[in-house]
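Provided below for reference: sequence and predicted model.
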Protein chains: 2
Amino acid sequence: MTTPYQLTYQLYYWPNLQGRGEFVRLALEEAGVAYEDVARQKKGMPALQGSLDFDEVDHPAFAPPVLRAGELLIGQTANILLFLGARHGLAPRAEAGRLWANQLQLTIADIVNEAHDTHHPLSTNLYYEDQQKAANVRAQDFVAERIPKFLGYFEQVLANNRGRGAYAVGSRLSYVDLSLFQLMAGLRYAFPNAMARQEHGWPRLVALHDAVAARPRIAAYLASKRRIPFNEDGIFRRYPELDG
Amino acid sequence: MTTPYQLTYQLYYWPNLQGRGEFVRLALEEAGVAYEDVARQKKGMPALQGSLDFDEVDHPAFAPPVLRAGELLIGQTANILLFLGARHGLAPRAEAGRLWANQLQLTIADIVNEAHDTHHPLSTNLYYEDQQKAANVRAQDFVAERIPKFLGYFEQVLANNRGRGAYAVGSRLSYVDLSLFQLMAGLRYAFPNAMARQEHGWPRLVALHDAVAARPRIAAYLASKRRIPFNEDGIFRRYPELDG
């Protein structure tokens, strides 16, 4: 039962895909807080649309995910995580660590954008099938150049962290670790061949993925129906022709 | 003269283009603080490279811009602005306003990424000339669909703000206003025809652009040699064939 003292968050995100909302879901699950995944419930889509509508709210977001926390309505994935990280001990308290976590999260957002653009290089308003040739070129570059550049960077971040515990930031789990788990899982789903060939080069990222997946709350979440399976409506899509 | 009590920032960014560094430069200029634009000075390029090198610093950035503030080395444009906004009164102090400013800045970052991809839709490792057909398709979509969607959103943000002064957030100038100025200036440079046709629909954005340009410190900056002219090495590039 929710008491007035225990805030229940509302997450507004597309109901049938992981997408950018999944980075928020993982943080909420690890924090062990109550939340409603609004659009996945009956009649939830109007509420999602309302979070984007200037007639409905003062500060609508440009796009989901959006998190409602009492009076606050917060958009942009990294911004939501900045908020949740501070509230639920999923980020360092000190300024330097907080900024470093945010910086890493924004770098994860960059590769997530690029992963999306492998299947939609020309326009989000065109079907994949109508931009497949361009997608082939972009995906080939992504697999050969961008995945190694980004994952090589994150591997070095893990190697350089002098804190205990093999986390990305300091000596405690942060939302950055949860997001790196999701990034690895997503890339493995979308590009299984490319990842199988390359991921031996990033042993710390592989170990972090496994450690996050084994955390009790995350393991329970991944085994539940709350975790939407990867699919071809999300960011990470398995199109074999793009997996060099 | 810099006293020990007055921190001089170092900005690490490419010396010959505005790029994402320009959003940081505008904040530093408006704040009226001392900063070195390191790579624009003699022998500055090794320092820029050092800010990205795990052998040189503990927390290298994936890419410029990077800001050094004493012991802190901060990467990712929106993250640097989050820091500068709090330090120099360029963002609200209260959590709700701070998060809203960050959310808007991240939405600006999204359209800036899309503006970049109009000339590099397939790969940053290929020349523009080698992806020009794809660039034509992407730019056409950007001009017809994405510019109106994003700028229509920001116009509504301005219209919905009940604060005085026609700013994006509350009743005082924030780094979001400076970034919206730069966004408008960049889009006008890259897509003069498309913007001339459409911008009457966004009168508040046009007025904000002019108000920012007229602020004494910004006006002085724009008239100085510190402001690098727009050019075809930056994010906003004038390729007439992409300007529908």
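Everything's here; your move.

C-alpha from now on. contacts and neighbour counts both.
Fine.

buried stuff in the longest helix anywhere in chain A?
Identified as the longest helix of chain A according to DSSP state H is helix A:95-119. Buried residues in helix A:95-119, counting neighbours by 16 or more other CA atoms under 10 Å in any protein chain shown, are found at A:98-109, A:111-112, A:114-119.

report the angle between that helix and helix B:95-119.
Angle of helix A:95-119 versus helix B:95-119, following axes from the mean of the first three to the mean of the last three CA atoms, to 10 degrees, is 40 degrees.

quick one: is the helix or strand just after helix A:95-119 near chain B?
Remark: after helix A:95-119, the chain's next helix or strand is helix A:132-141, criterion DSSP states H and E. Yes: against chain B, helix A:132-141 shows contacts by CA under 8 Å from any CA of the partner chain at A:A134, A:A135, A:V137, A:R138, A:D141.

now the angle from the longest helix of chain A to helix A:132-141?
140 degrees.

low-confidence stretches in chain A?
A:1-6 (pLDDT under 70).

flag every residue of chain A that's near chain B.
A:54, A:58-59, A:62, A:72, A:74-76, A:79, A:83, A:96, A:99-100, A:102-103, A:106-107, A:121-123, A:125, A:134-135, A:137-138, A:141-142, A:150, A:153, A:156-157, A:160.

what's the burial count for A:G19?
23 (other CA atoms under 10 Å in any protein chain shown).

what sits against it?
A:G234, A:I235, A:F236 (CA atoms under 8 Å, 6 or more residues apart in numbering or on different chains).

same question for A:P229.
By CA under 8 Å, 6+ apart, the neighbours of A:P229 are A:L17, A:Q18.

so what does A:G21 have for phi and psi?
phi -60, psi -30 (degrees, to the nearest 10).

ok, back up a step: which among the residues of chain A next to chain B end up buried?
Buried among these (16+ other CA under 10 Å): A:54, A:59, A:62, A:74-76, A:79, A:83, A:99-100, A:102-103, A:106-107, A:121-123, A:134-135, A:137-138, A:141-142, A:150, A:153, A:156-157, A:160.

phi and psi next, for A:L73.
Dihedral angles (degrees, to the nearest 10) for A:L73: phi -120, psi 110.

verify the stated contact: it with A:P64.
No: with contacts counted by CA atoms under 8 Å, A:L73 stays clear of A:P64, the gap being 11.3 Å.

now do the helices in chain A.
A:21-31, A:45-50, A:77-87, A:95-119, A:132-141, A:147-160, A:175-190, A:192-198, A:203-213, A:216-222.

for the fifth one, give me every contacting residue.
Contacts to helix A:132-141, defined as CA under 8 Å, 6+ apart, come from residues A:117-122, A:128, A:241-244, B:121-123, B:125, B:134.

show me which pair in the residues you listed is furthest apart.
The widest separation within the contacts of helix A:132-141, taken as CA to CA, falls between A:Y128 and B:N125 and amounts to 22.5 Å.

ok, the closest residue in space to A:R98 that isn't next to it in sequence - how many residues close by?
Spatial nearest neighbour of A:R98, excluding adjacent residues (CA to CA, 6 or more residues apart in numbering or on different chains): A:P92 at 5.3 Å. Using other CA under 10 Å, A:P92 has 20 neighbouring residues.

can you check A:Y35 too?
17.

can you pull the contacts of it?
Taking CA under 8 Å, 6+ apart, one finds A:T8, A:Y9, A:Q10, A:L11, A:L28 in contact with A:Y35.

you'd agree the first one is up against A:E71?
The one in question is A:T8. No: counting by CA under 8 Å, A:E71 is not a contact partner of A:T8; they are 11.7 Å apart.

so between these two, which is more surrounded?
Neighbour count, other CA under 10 Å: between A:T8 and A:E71, A:T8 has more, with 16 against 7.

ok, that one - contacts?
A:T2, A:V33, A:A34, A:Y35, A:E36, A:A69, A:G70.

rewinding a little: nearest to A:F230, of the contacts of helix A:132-141?
A:H119 (14.9 Å).

wait, doesn't the closest one sit right on A:Y127?
No: in this structure, A:H119 is not within contact of A:Y127 by CA under 8 Å, at 9.1 Å.

packing partners for the longest helix of chain A?
Helices and strands touching helix A:95-119, as assessed by 3 or more CA pairs under 8 Å, 6 or more residues apart in numbering or on different chains; DSSP states H and E, comprise helix A:77-87, helix A:132-141, helix A:175-190, strand B:72-75, helix B:77-87.

how about CSV for these, with distance to A:F23 added?
As requested, the helices and strands packed on helix A:95-119 are exported to CSV (distance: least, CA to CA, whole Å):
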stretch, distance to A:F23
helix A:77-87, 7
helix A:132-141, 23
helix A:175-190, 6
strand B:72-75, 21
helix B:77-87, 18
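
who wins for proximity to A:P46 among these?
Between those, helix A:77-87 lies closest to A:P46; by CA to CA that is 20.6 Å.

output the contacting helices and strands for that closest one.
Against helix A:77-87 (3+ CA pairs under 8 Å, 6+ apart) you get helix A:21-31, strand A:66-69, helix A:95-119, helix B:95-119.

again, only using 10 Å
helix A:21-31, strand A:66-69, strand A:72-75, helix A:95-119, helix A:175-190, helix B:95-119 (3 or more CA pairs under 10 Å, 6 or more residues apart in numbering or on different chains; DSSP states H and E).

and the contacts of A:T8, which are buried?
By 16+ other CA under 10 Å, the contacts of A:T8 give A:Y35, A:A69 as buried.

so which of the contacts of A:T8 are in strands?
A:Y35, A:E36, A:A69 (DSSP state E).

brilliant, that's me finished.
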